[in-house]
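Undergrad: For reference, the sequence and a predicted model appear below.
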Amino acid sequence: MPEFIDFLSVFGKQTRPRHFHFGAFKQRTRLSSSADLSSDHGLQIDQLGWSGRNLQLCYNLKSIEASSQGDWPWSPRDCILNHTFDIENIKTTWIIIKGNKLIQDRVRSAGKYQSPAALSSFETLDRAFVSTFATHLLVCDWAVENWEHYISYIEVRHHDISRRVVSSEINIPPKFLKASGNDPNPSTKRTGLSTSTKSARFGLLKSRTDTLQSWFSLPNKDTVSAFHSGVNPEHEVKYRSSFPNNGTMKVHFDTQGQDGFFFSDLQALHDLHDKAKEAILILQLNVKIMTQLVEFYRTTLRLEKFPKDLVQNSAEGFDFFQTRMEELKDDLCTYILKLETLVDYNNGCEMLLRGLLDFQNKEYNELVTNQSNVSTLNMENMATEMNEIALKTKTETVSMKVITLVTLFFLPGTFISTLMSTDIFQNHDNNPNAPNPYRNLGPLPLYLAISLPLTAVTLLIWAFFHLRERRRATIDKAKYANSRWQA
């Protein structure tokens, strides 16, 4: 049959299953004799044993088999059958294509050990015709097996996730572990704040922390109030000095023992949903093809040109074939019902998981918000402390400038007075009664004449260097402002 080429497209090297949705049943019935010139007479080649009166059919079935490739241990496999039965010459042709030797081994085993050998009975026309039913049943049995194990595997994977989703505890009260410090309760012992003050300051934050009911724990009111920045500065300094790392307190949250869900769980459920829908499609195609196969033989046996004696002699075999095919289709329909129910469960679990993920994200955002509030208050506290240090530094800088000016003002005079009190300005003659040559100069005018200009020069030199540094700082500040504006 030319259509047989279309079935070969499902095979080939591939990393993922392709064409799993492809399933078809093709048939040709040619019962006219060579004497008839009708169009339903087939090709007649005596050398090959082709009489032209034959039944041709081609179809494919799918089953599930274990696979060692990838993370998924199962893979859908195809089996293609091309069958021709010559009525006059009692000649049967089978072309069975499958990716491994499973069907080949089963055909050989069935032809060797079955009693009577149903697959190898070609003595008479009726026995040869009935043997085709056994071959069809062998492939159809393969198409039904392993589906129970495959569905059980999907159910186990589904229940592993759904059990956690359905039984998840979302009303777990928040638990605060401990703040890093020496005192387990720093807010009430170190700050000395009143309860009303703390409640007024952090009433809104406390109301937010009390509503968390899920996977995270937030600090309680007393712990958060430790970051209060509107208290007495003495209390704040005392409080911060008792904490390590410059008063920065680290807050820890207890998340152990609480259920958490991730987007990968949702991806796993979606993957199970796809696998189940894929299996449903394959099973429905198998049911359709099996139905067409039975209907083909039922219709053929009713044709006027089909040998009547063959119909009578093969009736029992066809009835067994028809009954067995109905049983196989019932099994496939049962599997379809199981998978459809599992898909419904999976959809409900997926919706619940989406709700839990949204709820978890909301709770996490609230946690981050409250942690940001705590960090903001901590930074505000640190900024207040740095402001105090800056004020103290500014005061000390002014004092140092005053001290510097006073020192520069008195330094030249002190230097000159010390110099004049030395032996330089004394009489160095051996005669003690000799007059002092510096007596006529006058000590006070001489002191003023030297110290005042020297003081003025010293102050001018200090003012020059001071003004030069201030101008340099102003130029650097302007360059920094221009660079930021250009950036």
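TA: That came through fine.
Undergrad: May I ask you to name the longest helix in the protein?
TA: helix 315-420 (DSSP state H).
Undergrad: Packing partners of the next helix or strand after it?
TA: Following the chain from helix 315-420 toward its C-terminal end, the next helix or strand by DSSP states H and E is helix 443-486. Identification of packing neighbours for helix 443-486 by 3 or more Cβ pairs under 8 Å, 6 or more residues apart in numbering; DSSP states H and E yields helix 315-420. Where C-beta positions appear, they are placed from N, C-alpha and C, glycine not excepted.
Undergrad: Next, the angle helix 443-486 makes with the helix it packs on.
TA: Counting by axes from the mean of the first three to the mean of the last three Cα atoms, to 10 degrees, helix 315-420 points 160 degrees away from the direction of helix 443-486.
Undergrad: tell me the mean pLDDT over helix 315-420?
TA: Across helix 315-420, pLDDT averages out at 88.
Undergrad: ok, now stretch 145-153?
TA: Per-residue scores along stretch 145-153 average to 94.
Undergrad: Now do the buried residues in it.
TA: Judged by neighbour count (16 or more other Cβ atoms under 10 Å), stretch 145-153 contains these buried residues: 147, 150-151.
Undergrad: for the residues you listed, which one is nearest Ala315?
TA: Proximity of the buried residues of stretch 145-153 to Ala315 was ranked by Cβ to Cβ; the top entry is Trp147 with 31.3 Å.
Undergrad: Identify the residue spatially nearest to the closest one, adjacent ones excluded.
TA: The shortest distance from Trp147 to any residue other than its chain neighbours is 4.8 Å, reached at Tyr335 (Cβ to Cβ, 6 or more residues apart in numbering).
Undergrad: what do you get for Leu357?
TA: Once flanking residues are discounted, Leu357 sits nearest to Phe261: 5.8 Å by Cβ to Cβ, 6+ apart.
Undergrad: Let me know the secondary structure of the one you found.
TA: The three-state assignment at Phe261 reads coil, by DSSP: H, G, I helix; E, B strand; the rest coil.
Undergrad: That one and Asn346, how far apart?
TA: As defined by Cβ to Cβ, to the nearest Å, Phe261 lies at a distance of 15 Å from Asn346.
Undergrad: Comparing those two, which shows the higher neighbour count?
TA: Asn346 (23 against 18; other Cβ atoms under 10 Å).
Undergrad: what mean pLDDT would you report for the helix or strand where Asp271 lies?
TA: Mapping Asp271 onto the secondary structure by DSSP H and E places it in helix 263-301. The average pLDDT within helix 263-301 is 93.
Undergrad: Quick check: next helix or strand after it?
TA: Sequence order places helix 308-313 as the next helix or strand after helix 263-301, per DSSP H and E.
Undergrad: From the contact counts, what lies against that following helix?
TA: In terms of contacts (3+ Cβ pairs under 8 Å, 6+ apart), helix 308-313 is packed against helix 125-144.
Undergrad: So which elements touch the helix it packs on?
TA: strand 54-66, strand 74-86, strand 91-98, helix 102-113, helix 263-301, helix 308-313, helix 315-420.
Undergrad: Output the ones you listed in TSV, with distance to Ala481 appended to each entry.
TA: As requested, the helices and strands packed on helix 125-144 are arranged in TSV below (distance: least, Cβ to Cβ, whole Å):
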stretch	distance to Ala481
strand 54-66	73
strand 74-86	68
strand 91-98	80
helix 102-113	81
helix 263-301	46
helix 308-313	105
helix 315-420	21
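Undergrad: Tell me which of the ones you listed sits most buried.
TA: Burial among the helices and strands packed on helix 125-144, expressed as mean neighbours by mean count of other Cβ atoms under 10 Å, is greatest for strand 54-66, which shows a mean of 21.
Undergrad: so that one versus helix 102-113, what angle?
TA: Here strand 54-66 points in a direction 110 degrees away from that of helix 102-113 (the same axes, to 10 degrees).
Undergrad: Quick one: mean pLDDT over strand 54-66.
TA: Per-residue confidence for strand 54-66 averages out to 91 on the pLDDT scale.
Undergrad: Partner strands of that strand, with direction?
TA: Using DSSP bridges, the neighbouring strands of strand 54-66 in the sheet come out as strand 25-30 (antiparallel), strand 74-86 (antiparallel).
Undergrad: Present those as CSV; the columns should include distance to Phe410.
TA: Below are the strands paired with strand 54-66 laid out as CSV (distance: least, Cβ to Cβ, whole Å):
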stretch, distance to Phe410
strand 25-30, 118
strand 74-86, 99
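Undergrad: quick one, which of the ones you listed is nearest to Phe318?
TA: Across the strands paired with strand 54-66 (criterion: Cβ to Cβ), the nearest stretch is strand 74-86, sitting at 13.5 Å.
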